[in-house]
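Student: Provided below for reference: sequence and predicted model.
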Amino acid sequence: MAVLLDGKAASAAVRARLKEEVAELKEKGIVPGLAVIIVGDDPASRIYVNNKKKACAEVGIYSEEFALPADTTQEELLALVASLNGRSDINGILCQLPLPASLEEKPVIEAISPLKDVDAFHAANVGHIMIGDFSFVPCTPAGVMELLHVAGIDPAGKDCVVIGRSNIVGKPMAMLLLHENGTVTICHSKTKDLQAVCARADILVAAVGRAKFVTADMVKPGAVVVDVGMNRDENGKLCGDVDFGPVAEKASYITPVPGGVGPMTISMLLQNTVKAACLQNALLFDKR
Ligand code: NAP
């Protein structure tokens, strides 16, 4: 039976460390600040935003919410981002996605100053990740790496397979594994013989968005299985992309859903915000 990669415990450890770092910054007169923009009234986005604000308060980060109506124009949203770029008490800016269909996401992402881009979605930060010289990493892949590090799992020389090639999860995930010397394969909906490719993986990361997509026959005995998916099963219960029970019988390590990658994502957002405050105040911050 696989060992659980416990995201709740790893996340608590990150937050405890950040709380100390924030207290030290406050002694220097610096209070890390995060602006959270939410447009419209999507219930899932509201839950995510509330959780992010609560997590900020837990470690002492100042957060300010900007809740805009669904009929906000592109110009109004861009004007808000521009004003936040200019505020010295705001070190990080995030715009909760998805935006209402009437608004374009790309110009908003590109309007956020790369130095305040704590989601690491701006093309400049994506480029930094590509060349391996980065300050901000998208929160979910960063959280996966933290889980591997905590468990002492080193991707070096291992066959790593990432299912999914989105800009926010799959692609940066693959780059981070590559930077740690994994031999990385990225799979997607056009991949031929997915089962055989996955069954070669020493580390298998599923970021597909389909409940119980990864079945035991796709998993090599002893593999590390990381489940990024957040889906609802036929009973409306939260579940990942991995068919947990049978896969856990075969894997060496596995992340549960809930309680695996999910809690890490917000902790990495907090970490990026503290990094941003350090960068903007010309203070050193460990490259994690
Ligand atoms: P996405 O943008 O929809 O990307 C899904 C990827 O899966 C795409 O690259 C797609 O391939 C691939 N895919 C779909 N069907 C496939 C198939 N049959 N075989 C192989 N690949 C297939 O999703 P995302 O934003 O990356 O998110 C993925 C999952 O992670 C979702 O469940 C999401 O809710 C979850 N998530 C969790 C967290 C967290 O904090 N835990 C954070 C972000 C996302 P194509 O590119 O060919 O279409």
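Tutor: Arrived safely.

Student: and residue 229, which of the three is it?
Tutor: Three-state call for residue 229 (DSSP: H, G, I helix; E, B strand; the rest coil): coil.

Student: What score does it have for pLDDT?
Tutor: Residue 229 is assigned 98 on the pLDDT scale.

Student: If you drop the residues flanking it in sequence, what lies closest to it?
Tutor: residue 241 (3.1 Å; C-beta to C-beta, 6 or more residues apart in numbering). For every residue, glycine as well, the C-beta is placed using N, CA and C.

Student: ditto for residue 70
Tutor: Closest residue to residue 70 apart from its sequence neighbours, by C-beta to C-beta, 6+ apart: residue 40 at 3.7 Å.

Student: Show me the strands in the stretch 101-250 of the chain, by range?
Tutor: 159-163, 183-187, 203-206, 224-227, 231-232, 238-239 (DSSP state E, counting those that start in this stretch).

Student: could the ones you listed go into a markdown table alongside mean neighbour count?
Tutor: Formatted as a markdown table, the strands of the stretch 101-250 of the chain follow (neighbours: other C-beta atoms under 10 Å):
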| stretch | mean neighbour count |
| --- | --- |
| strand 159-163 | 25 |
| strand 183-187 | 20 |
| strand 203-206 | 28 |
| strand 224-227 | 28 |
| strand 231-232 | 13 |
| strand 238-239 | 17 |
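
Student: per-residue pLDDT, the residue nearest to residue 218 when sequence neighbours are not counted?
Tutor: Leaving aside its sequence neighbours, residue 218 sits nearest to residue 198 (C-beta to C-beta, 6+ apart; 4.0 Å). At residue 198, the model reports a pLDDT of 98.

Student: which residues touch residue 198?
Tutor: Contact partners of residue 198, counting by C-beta atoms under 8 Å, 6 or more residues apart in numbering, are 161, 163, 187, 204, 214, 218-219.

Student: burial measure for the residue nearest to residue 229, as a count.
Tutor: Counted with other C-beta atoms under 10 Å, the neighbours of residue 241 add up to 25.

Student: give the contact list for it.
Tutor: By C-beta under 8 Å, 6+ apart, the contact set of residue 241 is 163, 206-214, 227-229, 231.

Student: that older thread, let me have the strands of the stretch 101-250 of the chain in a markdown table, extended by distance to the ligand.
Tutor: Converted to a markdown table, the strands of the stretch 101-250 of the chain look like this (distance: least, C-beta to the nearest ligand atom, whole Å):
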| stretch | distance to the ligand |
| --- | --- |
| strand 159-163 | 5 |
| strand 183-187 | 5 |
| strand 203-206 | 8 |
| strand 224-227 | 8 |
| strand 231-232 | 5 |
| strand 238-239 | 10 |
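
Student: a markdown table for the ones you listed, including distance to residue 101?
Tutor: Formatted as a markdown table, those follow (distance: least, C-beta to C-beta, whole Å):
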| stretch | distance to residue 101 |
| --- | --- |
| strand 159-163 | 28 |
| strand 183-187 | 29 |
| strand 203-206 | 28 |
| strand 224-227 | 29 |
| strand 231-232 | 22 |
| strand 238-239 | 26 |
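
Student: before we move on, back to that, ok, now how distant is the residue nearest to residue 229 from the ligand?
Tutor: 6 Å (C-beta to the nearest ligand atom, to the nearest Å).

Student: So that residue versus residue 89, what's the distance?
Tutor: Distance check for residue 241 against residue 89: by C-beta to C-beta, to the nearest Å, it reads 39 Å.

Student: Next up, the contacts around the residue nearest to residue 70.
Tutor: By C-beta under 8 Å, 6+ apart, the contact set of residue 40 is 68-70, 99-100.

Student: Most neighbours among these, please name it.
Tutor: Among the contacts of residue 40, residue 99 has the most neighbours (other C-beta under 10 Å), with 22 neighbours.

Student: Now do the closest residue to residue 13 other than its chain neighbours against residue 86, distance only.
Tutor: Closest residue in space to residue 13, ignoring its immediate chain neighbours: residue 150 at 7.4 Å, by C-beta to C-beta, 6+ apart. In this view, residue 150 and residue 86 are 38 Å apart by C-beta to C-beta.

Student: same thing with residue 222?
Tutor: Computed with C-beta to C-beta, the distance linking residue 222 and residue 86 is 52 Å.

Student: do residue 36 as well
Tutor: Noted for residue 36: a distance of 17 Å to residue 86, by C-beta to C-beta.

Student: Neighbour count for those two, which is higher?
Tutor: Neighbour totals were compared for residue 36 and residue 86, and residue 36 leads with 21 against 9 (other C-beta under 10 Å).
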